[in-house]
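In: mind folding the following:
(chains A and B)
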Protein chains: 2
Amino acid sequence: MQNEILDKIMKPKSIAVIGASTKPKTIGSEIMQRLRDYKFNGKIYPVNPKGGIIEGFQAYTNIGEVPGEVDLAVIVVNAKFVLDTIDQCHAKGIKGICIITAGFKETGKEGAEMEKKLLEKVREYGMRCVGPNCLGVLNTNPEVKMDATFAESLPVRGDIGFVSQSGALGGGILNILKDLNIGFAQFVSIGNQADINAETMLEYWENDDDVKQILLYMESIQNPANFRKLASRITKKKPILALKSGRSAAGASAASSHTGSLAGADKAAAALLKQSGVIREFSLKNLFANAKAFSNCPIPQGNRVAIITNSGGPGIMATDAICESGMQMAKITDETKEKLRSFLPSAASVKNPIDMIASAPIEHYIQTLETVIADDNVDMIMVIYLPFLGLKDIDVAQALIDIKAKNPQKPIVGVFMTTSDFFGKIANMEVNMPFYMYAEEAAEALLRLDQQRQWMEKPVGKAPCYDVDRAKAASIIKQSIDEGRAQLTTRESIDVLDAYGIRVCKSGFATNIDEVVTVGNSIGYPVVMKMTSKTTSHKTDVGGVRVNIQSEEQLRAEYNDLIEKLKEKGLLEGLEGVIIQEMVKGNREMVCGIATDPQYGPMMMFGLGGVFVEVMKDVTFRIAPLTDVDAEEMIKSVKAYKLLEGARGTKPAQMEQIQETLLRLSQLVTDFKFIDELDINPLLISEKTGEGIAVDGRIKVRLEEAKQKLADCCSCSCCG
Amino acid sequence: MQNEILDKIMKPKSIAVIGASTKPKTIGSEIMQRLRDYKFNGKIYPVNPKGGIIEGFQAYTNIGEVPGEVDLAVIVVNAKFVLDTIDQCHAKGIKGICIITAGFKETGKEGAEMEKKLLEKVREYGMRCVGPNCLGVLNTNPEVKMDATFAESLPVRGDIGFVSQSGALGGGILNILKDLNIGFAQFVSIGNQADINAETMLEYWENDDDVKQILLYMESIQNPANFRKLASRITKKKPILALKSGRSAAGASAASSHTGSLAGADKAAAALLKQSGVIREFSLKNLFANAKAFSNCPIPQGNRVAIITNSGGPGIMATDAICESGMQMAKITDETKEKLRSFLPSAASVKNPIDMIASAPIEHYIQTLETVIADDNVDMIMVIYLPFLGLKDIDVAQALIDIKAKNPQKPIVGVFMTTSDFFGKIANMEVNMPFYMYAEEAAEALLRLDQQRQWMEKPVGKAPCYDVDRAKAASIIKQSIDEGRAQLTTRESIDVLDAYGIRVCKSGFATNIDEVVTVGNSIGYPVVMKMTSKTTSHKTDVGGVRVNIQSEEQLRAEYNDLIEKLKEKGLLEGLEGVIIQEMVKGNREMVCGIATDPQYGPMMMFGLGGVFVEVMKDVTFRIAPLTDVDAEEMIKSVKAYKLLEGARGTKPAQMEQIQETLLRLSQLVTDFKFIDELDINPLLISEKTGEGIAVDGRIKVRLEEAKQKLADCCSCSCCG
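Out: Next up is the predicted model:
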């Protein structure tokens, strides 16, 4: 049903252009020209109060007068007329709307108000709507042939579905794609995305065979959870490449003033895209260059690359680029080497990179490429050409294209360090492989293909549900809230973690010297003693942590000393008591926790802990809830993973137990969405058992939200 | 004198092409064509045994017959005739030689032998020689007009001096430069660099006003020390941009088989280039793109960038790129904002990035740019253009060029997201500012300008000479060598460091329980006890380090226990004794040391120490000898610098003392060049004083070299 209405927008049989104009260089004129010039495969009804003939089509004075059925109304009238126009479209029974007109949310409060009303009407009338404040829509399918934009150039047919958030940029993109001869299937400029957004298009294109890869230019992600759900499913079938701008703080601030949408922090966006299997690009240049690879290459079977070149220098540069990207230089088999030696001159190198030397004729390109394709140790091939006397670049390219046609199974990319003339020629040919000017571009394209392979091979993760004591956690948190404390005490924090089955170190609470001794003796020495206070959150600053207490006597002495110190500083008031903990020995301190991004929600962190957290920043982020695959990846993606593996003769950490810790934390924050911050620092790796043990914990909630939620709360949990 | 001979090669008044040919598509024919087509401003003498007319010039059967004086002989005869040809050139009195012919060192042992003989002749005859195995030489100066290459395209006049090591790549480079309309002054393909290498050309171009920037493509650096000396001086006057390939191990291996030269490890190359003020590029694409900026921009006064755009999206992307590069987004003054508001529409944003909105006419570009140039808070400007109805890209570009002509003082770069047609047109125009297609390219270009500014502003460093006890260090090392030990014991190592005035922790040596106690008592508790052994180098593996010994009793117990353990493991034999050290308290462990690169010589390391060295790899390298500026930079460039500054309430480290430690180490390794490895790990930062204290040390020498050197040794040191 939804797709039926979207079909009316993307595959209409009739289009009304409301606000069509005969005045040159106006949007109302340009759109009519595009529709005409690209030869739209349906009916075109210009609508203009003056009527007449516009770009050769009979114009109607209002939409109601249009004789036939209208699938799509493209609206370019002044913003103040848009709402009425929507009513008229409804009266005419139109369901597909594309509003080019600007002057809505992007202009401020008044515009936002108008956009809100617009959306209400769209919803009420059962319409779907692109825009407002956009460039329009495009579909190159021969059965549709719709260019309802006001971009400078007509599109090239291809397999890309493109969503652009920025309107003006969309025009630039269409120009450049045309120039690079990168074709696409459909293009949507979503503008202010009042209704239709990137997620709508993802879902729409999921099973559309016309769209073989999806490209996104985004300044914000509207519904991160929904985006993740959709994208992580779709990327298993077809690649999604996204350029998400507003990465820097300044850029994000520019983004929010530009689109009127709050751009999320980039760490969260980065995590979300990664978890969704979306390939992230950082410049339009790379977005286009890599899309070219996906249009012309199969997904490889592995990451072993062979390089064929007629010049040593570029061969070395290509090797550098391949190795630095983390791919492998293919180990050419002896059989292949022997074959290569049979026809290449003795000065040639038959090791990878295969250097045929400068004088290589076209036959050597053909024979070498065919030989290397047949090598089972080779997954992908980069063929480099540098001009040499008597050899024509375009002939070499044609020879490669012919071989590729016969051998479609492996990605082959060309690096032709020649003039732009060549790329002009190539742009007008039927090509079946991508050509680049520089080895680094080609290496990146191969890397992207390989990233997609890895993602597709990766198992779909699951977010497990552990049997936890949710009620206990809730009651601990409730107590803190009831006392008006957003920040739980250390004891409460640790108890919440414990309720969720997270391994915390053995401990007990004591409020006087006798209790202290009892608890200490029951845990067994050595122990650590930590003060817990409602007024002092940074314990170390007041000497509130005493470690390596070896005996009952020492414990007594340390406790008395602490009380003394607090008295001196006038901090005795807030003291709740002390926590006596088992002293876990280990010198590997990790950190894990939760931070909340205002747009993306709770975000999990894991990495190297202790004093190094802020200095080394060896931490990684993922959006909650985590799957088991996410958790495993998090652990493996930090440099400190080597410490966990047992560098320098230490005991390897229990990876599965640490993974479970992350997953339980994820469950905790999913159950209690009002947890704003949570830190386990350190998560100490026990030298004895290799377990990750939460030695210290800090939980902070959003007070108002927590009050509300805990009041509503039934005993629901992630499991049922 | 040397420059006079180089002038004969680069600015000849007469050229003989020995091996000139009438046969099409041969190098001997192509070079003649280039010389003719580019209209060489001097005499051209083809030499060919058959005589006749070649490309319109009278040919001579041998060089001796040439009637006039010959400045430069370009040799393209078969490799086996090259040596004789050199003799003939000598007989003719020719001093400038360029050998295009391949078949020398790059082909193996025999070729290398021939190249050696070639070089001997060149030296003997007082010649200078480009090549062999190269593409030739070029000079676009109107008084010279020499294209003595066999590249496809004729050059464009410009201000770049270009040295390319790879011949075939050189041809590709010339093609692309032509295509991008990047002009150069002189180009030398050095090939096997038997005589003339990159360093020769650096020195030659140092005071040549025709060459305003130097570009290098290198696979190896021939004499790193000389390169550093020259480059660090020249880069203070004009930028040097280098693409050094063979970065990856595989790439380096490809490089060594390709050029027959040993490519140094990339860490050393990276350090050397940094210390020389050379701007390193990692792809030809970037090399060219950034050279374009240096050709058309002044060096900026600071790093504050203003962005002017007619589209929000690219403005955000540009902001991201500027911020991620570490440059600053300029804070536009209120005065400027007011001016901008006076003519820009209300929907425009006058904050940086300045968004004039899509409909901005050319007048807004002009007014906005002029206003922003005048803002004292702005050092550099990026102007972005996206196609919009009615605006012509080339007109906007021309308007910017006109403004730039009147305001040459600040760098201005254009980002024109339009078609390649535009860049074709621009390539044929007189431009005074660089234009790019994408914001990221423009941001990188600005970054390079800013890097050059920073380097030029940075004081020239000095390698200080400290008053050290060189004789004592020598005698300690000598003892180890005399005993055949390349690896000094811990005690010896520490003593050598001490002799060079490096702060080591107080310690003494003991070989029996009584001595142990005496030393311990004299230092004062707590102490650390470390075994020292001639057979066991990794002390921790055998429990040979005991820390935090609080009293005489504990010291006795620990010593007895150690002896027991060694007995069990059968390691008592090698035990020399134990070192008793003051126990320095501190939890900040740094590392510093020396590693030797086979090509670049001793290389200093500094960074985060302890167990983190290998895991975090937070270390930096510089080639010795260090200057004070180098040492300061090393300390500041690691992430752990924040720890030294005093993160989390720790005492700030004594930066100058740590800097001095590095400089004294540098002096040590400069005095004793045969030191192969030296490690101070940890260099513990004392919590009490903030000093960096060498707690453990390890020195290893190259035994044979050390024997030789110490035998030769006078009392020379860096000071006199």
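In: now tell me which helix or strand of chain A has the poorest mean pLDDT.
Out: When each helix and strand of chain A is scored by mean pLDDT, DSSP states H and E, helix A:249-259 comes last, with a mean of 52.
In: centroid-wise, who is the farthest residue in chain A?
Out: The C-alpha centroid of chain A is most remote from A:Glu553, which lies 56.1 Å away (CA atoms, centre = their mean).
In: packing partners of the helix or strand encompassing it?
Out: Take DSSP states H and E as the rule and A:Glu553 turns out to sit in helix A:552-569. Packing partners of helix A:552-569 (3 or more CB pairs under 8 Å, 6 or more residues apart in numbering or on different chains; DSSP states H and E): helix A:513-523, strand A:527-533, strand A:545-549, strand A:575-582. Backbone N, C-alpha and C define where each C-beta goes, glycine included.
In: please verify my assumption that A:Ser637 contacts A:Thr620.
Out: Yes: assessed by CB atoms under 8 Å, A:Ser637 is found in contact with A:Thr620 at 4.9 Å.
In: okay, those two: which has more neighbours?
Out: Neighbours per residue, other CB atoms under 10 Å in any protein chain shown: of A:Ser637 and A:Thr620, the larger number sits with A:Thr620, 18 against 15.
In: now do the SS call for that one.
Out: strand (DSSP: H, G, I helix; E, B strand; the rest coil).
In: what's the per-residue pLDDT of it here?
Out: pLDDT recorded at A:Thr620 is 91.
In: before we move on, what about the one 4 residues further on?
Out: Per-residue confidence for A:Ala624 comes out at a pLDDT of 92.
In: over to A:Leu571?
Out: 80.
In: what do you get for the one 10 residues further on?
Out: At A:Gln581 the predicted local distance difference test score is 86.
In: for the residue nearest to it when sequence neighbours are not counted, grab phi and psi.
Out: Of all residues beyond its chain neighbours, the one nearest A:Gln581 is A:Ser507 (4.1 Å), with distances taken as CB to CB, 6 or more residues apart in numbering or on different chains. Torsion angles at A:Ser507 (phi, psi; degrees, to the nearest 10) stand at phi -160, psi 170.
In: still on that earlier bit, CA atoms only for the helix holding A:Glu553, dumped as PDB, please.
Out: Only the C-alpha atoms of helix A:552-569 are listed here, as PDB (Å, rounded to 0.1, in the frame of the first residue of the first chain):
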ATOM      1  CA  GLU A 552      42.100  -6.600  60.200                       C
ATOM      2  CA  GLU A 553      44.500  -4.300  62.000                       C
ATOM      3  CA  GLN A 554      45.400  -2.400  58.900                       C
ATOM      4  CA  LEU A 555      41.700  -2.100  58.000                       C
ATOM      5  CA  ARG A 556      40.900  -0.700  61.400                       C
ATOM      6  CA  ALA A 557      43.700   1.900  61.100                       C
ATOM      7  CA  GLU A 558      42.700   3.000  57.500                       C
ATOM      8  CA  TYR A 559      39.100   3.400  58.500                       C
ATOM      9  CA  ASN A 560      40.000   5.500  61.500                       C
ATOM     10  CA  ASP A 561      42.300   7.600  59.400                       C
ATOM     11  CA  LEU A 562      39.600   8.200  56.800                       C
ATOM     12  CA  ILE A 563      37.200   9.400  59.400                       C
ATOM     13  CA  GLU A 564      39.900  11.800  60.700                       C
ATOM     14  CA  LYS A 565      40.600  13.200  57.200                       C
ATOM     15  CA  LEU A 566      36.900  13.800  56.400                       C
ATOM     16  CA  LYS A 567      36.500  15.500  59.700                       C
ATOM     17  CA  GLU A 568      39.400  17.800  58.900                       C
ATOM     18  CA  LYS A 569      37.900  18.700  55.500                       C
END
